Structure formats: structure tokens, C-alpha cells
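Colleague: Quick one, fold the following:
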Amino acid sequence: MVLTLSAVVAAWLLAGIFALAVRHKLRSGIRFQATLAAYRLVPPKLIKTAALLIIAAEAAAVLLLLGLQPAGAVLAGLLLSGYAAAICLNLMRGRDFIDCGCGDSPTAISPLLLLRNGVLLFLCTWPLWSAAGLASLSGSALAVAGGLALGWLIMYESAEQLLANRGVHRRLWQSGLEGA
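Modeller: Numbers count the residues shown, from 1 in each chain. Predicted coordinates:
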């Protein structure tokens, strides 16, 4: 029961994270396309199409994860792996000034984002472990899972804001040193 309950929490937490990402991309479509272009992995003519495909894939992951479908965990894992590869490639190129494109506050790519994606990728495996037992959960167990997922989502968003603030602080600190 505990593994099954934690699998629901993981699935719904991931759904919340991807839902916030979709919301950001829809609200700031032009900025997301510019971010995608900055990664220099997609030909300029295909940026708009690639942006729409990413948004559609993230939205599909949200719906599948909310419905506790194993395909949602697989899709989320594929997306996170792709994002990690794009971040890693650009870090190896020395291009650490790029906004990750994952939230409302600009956050420069860094090894910390790779660590974050690794943790989220691990969470993607959790719902797959107990997919067969999900149907046996009661309504009260699902309500507890929803509350836990919401609590973890709030903590996740707090950590994301700390990462964004870290980048702002670093830029302010560096600009202060240049003027000295």
C-alpha cells in the first residue's frame, strides 16, 4: 500500500510540475521560443514547431500522469532526459548563460538543474513500479496522495525559486565586482 500510495504521489507531483511548465510556456510563448533557439539544437525555421511539440508532449504527460497511466511516467522520463541532454551539451559548450526555459523566473542552466532532472527522472520510475496496484487504492488514500503531492509541489516550486534567485544574485555580484 505504501509503495502504491507513494507512486500516486510521484505521478501527481510530476503532473503538477509539468502542468506549471506548460502554463509558463503558453503564457510566455515568444520567450520560450527564444530560449529554445538559444540552445542551438533546433534549426531556426523549426523553432516554433519544436516549441509546439514540446508543449503538446508536456500536456500529454500531465493528462496521462493525472490518470495514473504508466505511459505518462515514460513520456515524462523521455522529456526530462531530453532536457538534461540539452542542458549538458550546452554546459559542455560553455554556454551556461541560457535560461532553462522551465519556469516563470529565468534560471540559468547549471549542474544543479542536471541534478534536479536526475531526481525527477528517478520519480518517473516510481509510478511504473506499482502500476498494477493503483486500482486498489481507496478514495481516502487518493485524497491523501493528492495532499502530499500538493505539499511536495509547493516545496519544489520553492526550490525552483531559490535556483532562480541564485542566478540573479550571481549576476548582481559579478556586475558589482566589474564596477569596483
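
Colleague: looking at the chain, which helix or strand does the model trust least?
Modeller: For the chain, using mean pLDDT, DSSP states H and E, the weakest element among its helices and strands is helix 139-179, scoring a mean of 69.

Colleague: how deep is residue 162 tucked in, by neighbour count?
Modeller: Here the number of neighbours of residue 162 (other CB atoms under 10 Å) works out to 11. The C-beta positions use only the backbone N, C-alpha and C, and glycine is treated the same way.

Colleague: Could you do residue 149 as well?
Modeller: 20.

Colleague: Residue 52 too?
Modeller: Other residues lying near residue 52 total 13 when counted by other CB under 10 Å.

Colleague: Next secondary structure element downstream of the helix or strand where it lies?
Modeller: Assessed by DSSP states H and E, residue 52 sits inside helix 47-66. Next in sequence after helix 47-66, counting helices and strands by DSSP H and E, comes helix 70-92.

Colleague: what inclination does that next one have with respect to helix 47-66?
Modeller: Orientation of helix 70-92 against helix 47-66 (axes from the mean of the first three to the mean of the last three CA atoms, to 10 degrees) gives an angle of 140 degrees.

Colleague: From the chain's centroid, how far away is helix 70-92?
Modeller: Put simply, helix 70-92 sits 9 Å off its chain's centre (CA atoms, centre = their mean, to the nearest Å).

Colleague: Contacts for the very next helix or strand once past it, please.
Modeller: For helix 70-92, the following helix or strand on the C-terminal side (DSSP H and E) is helix 111-129. Residues outside helix 111-129 that contact it (CB atoms under 8 Å, 6 or more residues apart in numbering): 3, 6-8, 10-11, 13-14, 17, 65, 68, 70, 72-74, 76-77, 80-81, 83-84, 87-88, 91, 100, 102, 107, 134, 159, 163, 166.

Colleague: repeat that for 6 Å
Modeller: With contact meaning CB atoms under 6 Å, 6 or more residues apart in numbering, helix 111-129 is reached by 7, 10-11, 14, 70, 73, 76-77, 80, 83-84, 87, 100.

Colleague: Would you mind measuring the gap between the ends of stretch 19-37?
Modeller: Across stretch 19-37, the terminal residues are separated by 22 Å (CA to CA, to the nearest Å).

Colleague: Give the buried residues for it.
Modeller: 19-22, 24-25, 32-33, 35-37 (16 or more other CB atoms under 10 Å).

Colleague: again, but for stretch 40-51
Modeller: Under the neighbour-count criterion of 16+ other CB under 10 Å, stretch 40-51 has 42, 47, 50-51 buried.

Colleague: what's the closest of these to residue 154?
Modeller: Nearest to residue 154, judged by CB to CB, of these is residue 51 at 27.7 Å.
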